[in-house]
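1. need coordinates for the following:
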Amino acid sequence: MRVVLDTNVWISSLIAPTGTPATVLSNLSDHVLIASEEMLEEIQRVLQYDRIAKRYNLTPEKVGAYVVNIREQVEIISAELPDSPIVESDPSDDKFLVCAVKGKADCIVTGDRHLLRLEKYRGIPIVSPATILAFLESESSQMNGFRSGP
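-> Numbering: from 1, shown residues only. Alright, predicted model coming up:
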């Protein structure tokens, strides 16, 4: 399965190593994770926000090491953003949709309400960490049955 993880999933995995997003990440270790340079830049930028860096004791070195670790886990996709926004209410979310399409993802995992409201984009399901975790842990599910449509 090919999966795009939103920034909030990567960040939650780091700051809450026993939470659902971290469990999702560990359960996806045998799958292909897809990201773009724009996504990696956003992860690094958000982790350096004062309120996050101070609260979780994230030094620039720790943040840099985490982004390097992510880079080693993902397939980097180069994708241009569209001229007009896909997600009108939050155009910064477009990078995840474009990455998923260009990377032929089977799903996008996010906690972002703007993306979750879409439910699907070009046949690619957009699901919460809890939803993908239930899918991954389900013994009766078929991996190729998750994505429906072309």
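
2. what residues of stretch 103-116 count as buried?
-> 103, 105, 106, 107, 108, 109, 110, 111, 112, 115 (16 or more other Cβ atoms under 10 Å). All C-beta spots, glycine's among them, are computed from the backbone N, C-alpha and C.

3. elements contacting the biggest helix by length in the chain?
-> Longest helix in the chain, counting residues (DSSP state H): helix 60-73. Using 3 or more Cβ pairs under 8 Å, 6 or more residues apart in numbering; DSSP states H and E, the elements in contact with helix 60-73 are helix 37-47.

4. mind running it again at 10 Å?
-> helix 7-15, strand 32-35, helix 37-47, helix 50-55 (3 or more Cβ pairs under 10 Å, 6 or more residues apart in numbering; DSSP states H and E).

5. which strands and helices sit next to the first one?
-> Pointing back at helix 7-15 there. With contacts defined as 3+ Cβ pairs under 10 Å, 6+ apart, helix 7-15 has these neighbours: strand 2-5, helix 20-27, strand 32-35, helix 37-47, helix 50-55, helix 60-73, strand 107-109, helix 129-137.

6. redo that, cut-off 8 Å
-> Checking 3+ Cβ pairs under 8 Å, 6+ apart, helix 7-15 ends up next to helix 20-27, helix 37-47.

7. save those as JSON lines, and put in distance to residue 7 too.
-> Shown next, in JSON lines, are the helices and strands packed on helix 7-15 (distance: least, Cβ to Cβ, whole Å):
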{"stretch": "helix 20-27", "distance to residue 7": "11"}
{"stretch": "helix 37-47", "distance to residue 7": "5"}
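
8. poorly predicted segments of this structure, please.
-> 82-83, 85, 139-150 (pLDDT under 70).

9. could you redo the last one with a cut-off of 80?
-> Along the chain, segments meeting pLDDT under 80 span 79-91, 139-150.

10. re the thing from before, reformat the helices and strands packed on helix 60-73 as JSON lines; add distance to residue 70.
-> Shown next, in JSON lines, are the helices and strands packed on helix 60-73 (distance: least, Cβ to Cβ, whole Å):
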{"stretch": "helix 7-15", "distance to residue 70": "6"}
{"stretch": "strand 32-35", "distance to residue 70": "7"}
{"stretch": "helix 37-47", "distance to residue 70": "6"}
{"stretch": "helix 50-55", "distance to residue 70": "16"}
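
11. all set, thanks.
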